[in-house]
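K.L.:
For reference, the sequence and a predicted model appear below.
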Amino acid sequence: MGEERLQKIISQAGIASRRAAEKMILEGRVAVDGQCVRELGTKVNPAEHAIVVDGKVITQQEHHVYLLLNKPKGCLSTAKDDRGRRTVLDLLPEVRERVYPVGRLDNNTEGLLLITNDGELMNGLLHPRFEVEKTYHARVTGRLTQAKLAKLRQGVMLEDGMTAPAKVRELPEVEQGERSKGIFRVEITIHEGRNRQVRRMFAAVGCDVKALKRVRFAQLTLIGVPRGHHRVLTDEEINMLYRLAGLTK
Ligand code: URA
């Protein structure tokens, strides 16, 4: 890798967005080879110079990895667990880079999870401003009326405020007679990423989520990726995610 603007290097290391990195530089929190740098245009070759932010050396990872994992239930979507429970990284033993999941899926939720070591892309995709759509299939119990579906679409009040409008539709039964037993299948698309949001949204309308699966993230789906398996994203898919996150490659 050649010379890059300092703010780009800092954001690619996953420390902050480019804008926040610019602020850090202006505030005098960034040093190159021991010299404080406050010039925003400064270009540096990270392979040749020691870049320090808030007193910590930031190491540039040269090789970016972008994976789409079909997370099974019963594994945590954190990089590490201090109680030694199974994490999504245990499903990727051959990946040597220090990768992280883009956002979280609950332990009990399965489905599409992006994994990368591209901190800048991760920050961009998680930023609420870019409104990346995520689609879930839920199996719920509790009487699911048209009025409840309409409420979910409009937004419901949660502890942390109203949810943004969502796309919601009831799906056909998987087994005959489910509905008469009070089991409903729902597809819900949201673009926020609050903690346990889908489960809390259904709880707010009196339904209980019994199973939850993320089936789509932006245009990416689980097609061709069995549960517990993963695939590498194509260049086209990576470029699409960059555009969505408001970044240029
Ligand atoms: N909403 C939830 O409730 N859980 C998830 O894992 C993801 C979205």
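P.N.:
Everything's here; your move.
K.L.:
Is there a neighbour count for the nearest residue to Lys134 once chain neighbours are set aside? I'd like the number.
P.N.:
Spatial nearest neighbour of Lys134, chain neighbours left out: Phe217 (5.4 Å); criterion: Cβ to Cβ, 6 or more residues apart in numbering. The C-beta positions use only the backbone N, C-alpha and C, and glycine is treated the same way. Neighbours of Phe217 under the rule other Cβ atoms under 10 Å: 22.
K.L.:
Phe217 contacts Pro101, correct?
P.N.:
No - distance between Phe217 and Pro101: 11.3 Å, which falls outside the contact criterion (Cβ atoms under 8 Å).
K.L.:
Return every residue with contacts to both of the two.
P.N.:
With contacts taken as Cβ atoms under 8 Å, 6 or more residues apart in numbering, Phe217 and Pro101 have Leu114 as neighbours in common.
K.L.:
Where does Glu22 sit: helix, strand or coil?
P.N.:
Following DSSP: H, G, I helix; E, B strand; the rest coil, we place Glu22 in the helix state.
K.L.:
pLDDT wise, what is it at?
P.N.:
On the pLDDT scale, Glu22 is placed at 94.
K.L.:
what's near enough to touch it?
P.N.:
Shown in contact with Glu22 (Cβ under 8 Å, 6+ apart): Gln7, Leu40.
K.L.:
Any idea what Lys134 is bridged to?
P.N.:
The bridge-partner assignment for Lys134, based on DSSP bridges, gives Ile190, Phe217.
K.L.:
Neighbours of it, how many?
P.N.:
The tally of other residues near Lys134 (other Cβ under 10 Å) stands at 21.
K.L.:
repeat for the one 3 residues further on
P.N.:
A count of neighbours around His137, defined by other Cβ under 10 Å, yields 18.
K.L.:
Does it lie in a helix or a strand, and which?
P.N.:
Assessed by DSSP states H and E, His137 sits inside strand 134-141.
K.L.:
ok, now Leu144?
P.N.:
Counting by DSSP H and E, Leu144 is found in no helix or strand.
K.L.:
Please report how far it lies from the ligand.
P.N.:
Separation of Leu144 from the ligand (Cβ to the nearest ligand atom, to the nearest Å): 17 Å.
K.L.:
Check Arg129 too.
P.N.:
Counting by Cβ to the nearest ligand atom, the gap from Arg129 to the ligand is 19 Å.
K.L.:
Could you list the low-pLDDT ranges of this structure?
P.N.:
1, 59-62 (pLDDT under 70).
K.L.:
Around the ligand, pick out the residues from it.
P.N.:
Leu105, Asp106, Thr109, Arg196, Gln197, Val198, Arg199, Leu212 (Cβ under 6 Å from any ligand atom).
K.L.:
Those, buried ones only, as a PyMOL selection?
P.N.:
Under the burial definition 16 or more other Cβ atoms under 10 Å, those of the residues of the chain next to the ligand that qualify are selected in PyMOL by:
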select buried, resi 105+106+109+197+198+199+212
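K.L.:
Give me the subset of the residues of the chain next to the ligand that lies in helices.
P.N.:
Judged by DSSP state H, the subset of those located in helices is Gln197, Val198, Arg199.
K.L.:
And the helices in the chain?
P.N.:
In the chain, the helices defined using DSSP H lie at 6-12, 18-26, 119-126, 146-154, 197-204, 235-244.
K.L.:
if you compare those, which one is most tucked away?
P.N.:
With neighbours defined as mean count of other Cβ atoms under 10 Å, the helices of the chain peak in mean count at helix 6-12, which reaches a mean of 24.
K.L.:
Which residues does it contact?
P.N.:
Taking Cβ under 8 Å, 6+ apart as the criterion, the residues outside helix 6-12 that touch it are 4, 16-18, 20-22, 24-25, 30, 32, 37, 40, 42-44, 46, 51, 53, 58, 60, 118-120, 123.
K.L.:
Please state the offset of that helix from the chain centre?
P.N.:
20 Å (Cα atoms, centre = their mean, to the nearest Å).
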